[in-house]
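[1] Build the 3D model from these lines:
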Amino acid sequence: MLPAEGTAPAPGAPDRAASAAAAAGARAATDGPRRPDGRTRPLRVAVIGGGPGGLYAAALLKRLDPARHITLWERNPPDETFGFGVVLSDETLGGIEHADPVVHAALREDFTRWDDIDIVHRGVLHTSGGHGFAALGRHRLLEILHERCRSLGVELRFRAEAPDPARLARTHDLVVAADGVHSTTRDAFADVFRPRITEHRCRYIWLAADFAFDAFRFEVVETGHGVMQLHGYPYSADASTVIVEMREEVWRAAGFDEADGTESVGRCAKIFTDALGGRPLKSNHSAWTTFRTVVNERWSHGNVVLLGDAAHTAHFSIGSGTKLAVEDALALAACLREQPHVEAALTAYEEERRPVVASTQRAARASLEWFEELPRHLAQPPRQFAFNLLTRSRRVTHGNLRLRDARFTGAVERGFGCPPGTPPMFTPFRLRGLTLRNRVVVSPMDMYSAADGVPGDFHLVHLGSRALGGAGLVMTEMVCVSPEGRITPGCTGLYTGRQAEAWRRITDFVHTRAPGTAIGVQLGHSGRKGSTKPMWEGMDEPLDEGNWPLVAASPLPYRPGGQVPRELSRAQLTDLREQFAAAAHRAARAGFDLLELHCAHGYLLSGFLSPLTNHRTDAYGGSREKRLRFPLEVFDAVRAVWPGDRPMTVRISATDWAEGGTTAEDAVAVARAFAAHGADAIDVSTGQVVAEEEPEFGRSYQTPFADRVRNEAGVPVIAVGAISSWDDVNSLILAGRADLCALARPHLYDPHWTLHAAAEQGYEGPGVVWPAPYRAGSRRPRTGRADTPKPRLTLED
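    Below is the predicted model:
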């Protein structure tokens, strides 16, 4: 072990001198020693933090350029670490093998590998195979990296606080801050990195057991205090990591907040005695903690760069923070080799890693929140619960599981009620007197292509082609109940008989030429978001001329400087109810199979629901119950004239994505209220209520809200929002997170999306029917010579 050097600790607060020093260091590095090819190279490198990420970065940088002088500081002894085992993916191991075969060979000798995941739910064990994991002890991983760093000539300083990062930035060409989730380097330059740290709702503790699980194990125990869960996996032939996790309120109710470490360990072993086979658990300075998600707006400042948990964290339920840190180290080393100077390298490193990390963090958040809301799913049958758990992050899908373990996935499908050979998306679903032949919905999409509210040939072709495309339900755009309720001059309506006759032409086409496909109408009023240009001319921008006056729950413009709507009076509320009812009556006569009331996206009825847009002081504003009053009155008026055997749905914004706005808890209460008044399903969207929203976009990003409404309010839901693949649809339906899935842009890209989904899955059955004139195209066409049979060009001896 190298002797430790005593140095001053890094400051805990940002200062301008430190920022200036880092910037000066970057300039020095940029103008530093040059390689023969003329590129500058960082020769003096400081690494703060001796975890796997920092050690691996130091080893790679030294290996790629032996002339570098690399010093690593670690405040703890070399044999002290947090946790027990480390899981790495085959993808990460492949990168390690390519970058440093010596490290990979050492890891390979010590890895424990397994394929199965065991899930125990209410005493029932289900196993899914084919997943592929590799793990080893954290102590052993550090030993391998210590040995590699020393063999390469990296100077390791243990039991030593790193010097002030600003000082290091002045004296080194590059400073790698791998000092963990509580990074002092990040704190020192917080004004530049601008970290956002979120603490979550579960408490957990890292423990270990002196035996090896034979699978990755998830076990749920329902106690008198609440639900607790175990995450366990082997990391050697005779040892396993065990993480015990529970909601904060459960942790307190169980008395863990007052228990010391020894008592906590003993009680956890007793609670999960079945999983442990009665064996004890052990601690490694373990303490209960809450997970912190770390996000930084920037990862580098001058010649200082963040790596691993200092830059980002991802919940342990989807993998290892060590994995991300090692991948960061690989990318950083590669970018420093490829780019002409440090500044360009750090920019390239962040550009390469940020999208990967953001995707991982989205998946981790979905997984974390699934476990936070674990009680919501406990009523599911054990096998469906297991499938739901396996697909919780949305990274593992129905298709992935079918490839990995067809037997397990087939059993889940049979339990769900899928006939043999039928994907979940092609099972029927009943809403009141309407049976949809599959679970696919063409989502409402405003086309802004009508004249005087009358749908024309464009709408016939647009909706007709999508009806021919195989979806179970095709929805119109928001059809307005009055001229003043239009969003743009091109919006369709149902406020005249002529409009109703034009809609009848479209519904007749769908029912005649696409039998088995239902067509629904979405009724709404623009409220304060009306009198604007079509989206492609300027979204939410007011008309240059011909504007009409707006009305809303409260006199608040949608955008600063926009038209201020008039607050609706009692008499006007009565008129509006009658307009909705009259439009519904026309919709029934026009032949629509389903009616959806639009109470989302900041339009009129949505404006009553959100506390950000409803500031009324009368009976229609204030509490959630009062804000619900007018939308429910409209729903009742529409339901009274809508035929009793035809279903009604309601679209809501489950969150405003803005502080002080509608929350997911509100959405559940709103859904319950509409269901109590006769809504057959809730179409769960989000946002677009206030201009200052900050949505968290991502694949299927709105589906957790649908999941919550479905499983807490007990009402069927339509999930919507960046659902783009048939694999996603199958996953959501089979996991019990949604009953129907609405897709918009995929149907703009491909009007026959559902037919093609059936063809790609090899499905032929009643869940989707190719129109007779199209049957010749029901198989994917060959695309060129690559599809043709290959000639034999070699002979075997």
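
[2] Glu350: neighbour count?
    As a burial measure, Glu350 scores 21 neighbours (other CB atoms under 10 Å). Placement of C-beta: from N, CA and C, glycine included.

[3] what's the answer for Val634, then?
    26.

[4] mind listing what it touches?
    Taking CB atoms under 8 Å, 6 or more residues apart in numbering, we find Val634 in contact with 576-577, 580, 597, 605.

[5] nearest to Asp405, of these?
    The nearest member of those to Asp405, counting by CB to CB, is Leu597 at 42.2 Å.

[6] these two touch, right, that closest one and Val521?
    No. Leu597 lies out of contact with Val521 (CB atoms under 8 Å); the separation is 10.2 Å.

[7] Looking at the contacts of Val634, which is nearest Cys202?
    Using CB to CB, the contacts of Val634 come closest to Cys202 at Leu605, 36.2 Å.

[8] Please name every helix or strand in contact with the strand or helix carrying the closest one.
    Under the criterion of DSSP states H and E, Leu605 resides in helix 604-609. Judged by 3 or more CB pairs under 8 Å, 6 or more residues apart in numbering; DSSP states H and E, the packing partners of helix 604-609 are strand 551-552, strand 594-599, helix 624-641, strand 648-653.

[9] among the ones you listed, which is nearest Leu55?
    strand 648-653 (47.4 Å).

[10] in its sheet, what does the closest one sit against?
    With DSSP bridges as the test, strand 648-653 is paired with strand 594-599 (parallel), strand 681-685 (parallel).

[11] Looking at the ones you listed, which is nearest to Ala188?
    For the strands paired with strand 648-653, the distance to Ala188 is smallest for strand 681-685, at 42.4 Å, taking CB to CB.

[12] Now the closest one: average pLDDT?
    Averaging pLDDT along strand 681-685 gives 98.

[13] what's the next secondary structure element after that strand?
    Assigned by DSSP H and E, the successor of strand 681-685 is helix 703-708.

[14] That next one packs against which elements?
    Against helix 703-708 (3+ CB pairs under 8 Å, 6+ apart) you get helix 664-676, strand 717-720.

[15] Extract the C-alpha set from that helix and format it as PDB.
    The C-alpha coordinates for helix 703-708 follow below in PDB (Å, rounded to 0.1, in the frame of the first residue of the first chain):
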ATOM      1  CA  THR A 703     -48.600   4.600 -18.900                       C
ATOM      2  CA  PRO A 704     -47.700   4.600 -15.200                       C
ATOM      3  CA  PHE A 705     -50.600   7.100 -14.600                       C
ATOM      4  CA  ALA A 706     -53.000   4.700 -16.500                       C
ATOM      5  CA  ASP A 707     -51.700   1.800 -14.400                       C
ATOM      6  CA  ARG A 708     -52.400   3.800 -11.200                       C
END
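
[16] Need the contact partners of it.
    Outside helix 703-708, the residues touching it (CB under 8 Å, 6+ apart) are 366, 369, 373, 376, 394, 654-655, 664, 667-668, 684, 686, 717-721, 723, 732, 737-738.

[17] Run the chain-centre distance for that helix.
    11 Å (CA atoms, centre = their mean, to the nearest Å).

[18] closest to Ser283 out of the strands paired with strand 648-653?
    Per CB to CB, nearest to Ser283 of those: strand 681-685, 42.8 Å.

[19] Where does pLDDT dip in this structure?
    Along the chain, segments meeting pLDDT under 70 span 1-41, 783-797.

[20] Quick one: list the elements packing against the longest helix along it.
    Longest helix in the chain, counting residues (DSSP state H): helix 342-372. Contacts defined by 3+ CB pairs under 8 Å, 6+ apart place helix 342-372 against helix 16-30, strand 195-209, strand 289-296, strand 300-301, helix 321-338.

[21] and it, which residues are buried?
    342-346, 348-350, 352-353, 357, 360-372 (16 or more other CB atoms under 10 Å).

[22] what do you get for stretch 449-468?
    Here stretch 449-468 shows 449-450, 453-455, 459-460, 462-464, 466-468 as buried, counting by 16+ other CB under 10 Å.

[23] Looking at the contacts of Val634, which is nearest Leu494?
    Phe580 (9.7 Å).

[24] burial of that closest one, as a residue count?
    So Phe580, with other CB under 10 Å, has 26 neighbours.

[25] What's the separation between it and Gln572?
    If you measure Phe580 against Gln572 using CB to CB, to the nearest Å, the figure is 13 Å.

[26] circling back: out of the buried residues of stretch 449-468, which sit inside strands?
    Among those, no member falls in strands (criterion: DSSP state E).

[27] Save these as JSON lines, and put in distance to Thr476 too.
    Below are these laid out as JSON lines (distance: CB to CB, whole Å):
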{"residue": "Ser449", "distance to Thr476": "12"}
{"residue": "Ala450", "distance to Thr476": "11"}
{"residue": "Gly453", "distance to Thr476": "12"}
{"residue": "Val454", "distance to Thr476": "13"}
{"residue": "Pro455", "distance to Thr476": "8"}
{"residue": "His459", "distance to Thr476": "8"}
{"residue": "Leu460", "distance to Thr476": "12"}
{"residue": "His462", "distance to Thr476": "10"}
{"residue": "Leu463", "distance to Thr476": "7"}
{"residue": "Gly464", "distance to Thr476": "12"}
{"residue": "Arg466", "distance to Thr476": "11"}
{"residue": "Ala467", "distance to Thr476": "11"}
{"residue": "Leu468", "distance to Thr476": "16"}
